[in-house]
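J.: Sequence plus predicted model, see below.
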Amino acid sequence: MQKLGFNNNAEMLNGRLAMLGFVAALLTEALTGKGVLHFLGVL
């Protein structure tokens, strides 16, 4: 049974997903010329 809460596996997965999201944001900005907030219509 997996432990819930802060453990090495959860933190590793969270870090990897955060890196993927950051790269996706950079690619979105590079390809569209607009920031993520502009792309989503917030600004």
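T.: Thanks, I have it. Residues are numbered from 1 along each chain as shown.
J.: helix or strand right after the helix or strand containing Met19?
T.: When secondary structure is defined using DSSP states H and E, the element that contains Met19 is helix 8-32. Next helix or strand after helix 8-32 toward the C-terminus (DSSP H and E): helix 36-40.
J.: follow-up on the earlier one: report the buried residues of the helix holding Met19.
T.: Going by neighbour count (16 or more other Cβ atoms under 10 Å), the buried part of helix 8-32 is Thr28. For glycine as for every other residue, the C-beta is placed from the backbone atoms N, C-alpha and C.
J.: Contacts for it next, please.
T.: Surrounding helix 8-32, the residues in contact under the criterion Cβ atoms under 8 Å, 6 or more residues apart in numbering are 2, 35-36, 39.
J.: Check the offset of that helix from the chain's centre.
T.: A distance of 3 Å separates the centroid of the chain from that of helix 8-32, by Cα atoms, centre = their mean, to the nearest Å.
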